[in-house]
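Asks: model this:
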Amino acid sequence: MKKLILSVFAVVTMAFTSQVYAQKNPMVGGAAMYATKDIVDNAVNSKDHTTLVAAVKAAGLVETLKSAGPFTVFAPTNAAFDKLPAGTVDMLVKPENKEALTKILTYHVVAGKMDSKAIAAAIKAGGGKAEFTTVQGGKLWAWMEGKKLVLKDEKGGMSTVTIADVNQKNGVIHVVDTVLMPE
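Replies: Sure, this is the predicted structure:
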C-alpha cells in the first residue's frame, strides 16, 4: 500500500512539475519565453512580434522596457498590426510620428505585474469589469467572455488575450489579437 501511495505521489509530482515547467517558459511566436529575461530580450525572439519590436525600437522604448519595471504588456501580434488600415504601421514608424507611436505603444502597458489571477481579482472586485490606467495615461477595460479575457480600448475597439501570463524578469506579457487604440 505504501508503495502504491508513493508511486501515485511520484506520478502526480512529475505531472505537476512538467506543467509548471511548461508554464514557466511558454512558447510565443515559435520561441520559448524565459522568465529570467526581460520583455525586450524575449520579444525579439518571437516571430509573431516582429512588428511590435520594430515599433518599440522606432519609438525609443527599448531601454524603458528593459528596465526593472515591473510592467504588464498587452502585446499585439503581427496579425493584430495587419488589421490596421493599410500603411498605418509604415506611417507610424517614421521619425516625425514618434510621439503618436509612443502614445499607442505605451497605451498597451500597465504599471506593475498583473498576471491573469490579478486581472481576474480586479474584474471580480469591479463586479465583472475592471478598469486599468495605462502608462500612457488612458483607460483600458477588461472582462471575461467565457474563458476569454477581453479588453476594450478608449475608441471602443476590442482585443482578446490569446496567450496569458508570459512571465518576464521585469513583468508579464499577455499576447493580444488586436492593437488597442487610445483616444
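Asks: any weak-confidence spans in the protein?
Replies: Scanning the chain for pLDDT under 70 picks out the ranges 1-23.
Asks: which residue ranges form the strands in it?
Replies: For the chain, the strands defined by DSSP state E cover 27-28, 31-32, 71-76, 109-111, 130-133, 139-145, 148-152, 158-168, 171-176.
Asks: Let me have these in JSON lines, adding distance to residue 101 as columns.
Replies: (Each C-beta comes from the backbone N, C-alpha and C, glycine too.) Output for these, formatted as JSON lines (distance: least, C-beta to C-beta, whole Å):
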{"stretch": "strand 27-28", "distance to residue 101": "22"}
{"stretch": "strand 31-32", "distance to residue 101": "24"}
{"stretch": "strand 71-76", "distance to residue 101": "13"}
{"stretch": "strand 109-111", "distance to residue 101": "13"}
{"stretch": "strand 130-133", "distance to residue 101": "20"}
{"stretch": "strand 139-145", "distance to residue 101": "18"}
{"stretch": "strand 148-152", "distance to residue 101": "20"}
{"stretch": "strand 158-168", "distance to residue 101": "18"}
{"stretch": "strand 171-176", "distance to residue 101": "17"}
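Asks: could the ones you listed go into TSV alongside distance to residue 54 and mean neighbour count?
Replies: Converted to TSV, the strands of the chain look like this (distance: least, C-beta to C-beta, whole Å; neighbours: other C-beta atoms under 10 Å):
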stretch	distance to residue 54	mean neighbour count
strand 27-28	17	17
strand 31-32	16	15
strand 71-76	12	25
strand 109-111	17	19
strand 130-133	26	16
strand 139-145	23	16
strand 148-152	22	18
strand 158-168	19	19
strand 171-176	17	24
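Asks: Quick check: residue 109 vs residue 87, distance?
Replies: 25 Å (C-beta to C-beta, to the nearest Å).
Asks: Same question for residue 62.
Replies: 24 Å.
Asks: Neighbour count for these two, which is higher?
Replies: Set side by side, residue 62 and residue 87 show more neighbours around residue 62, with 16 against 8, by other C-beta atoms under 10 Å.
Asks: Is the more buried one in contact with residue 40, as I believe?
Replies: Yes. In this structure residue 62 lies within contact range of residue 40 using C-beta atoms under 8 Å: 5.6 Å.
Asks: Which parts of this structure are helices?
Replies: 2-24, 39-43, 50-59, 62-66, 78-82, 88-92, 98-106, 116-125 (DSSP state H).
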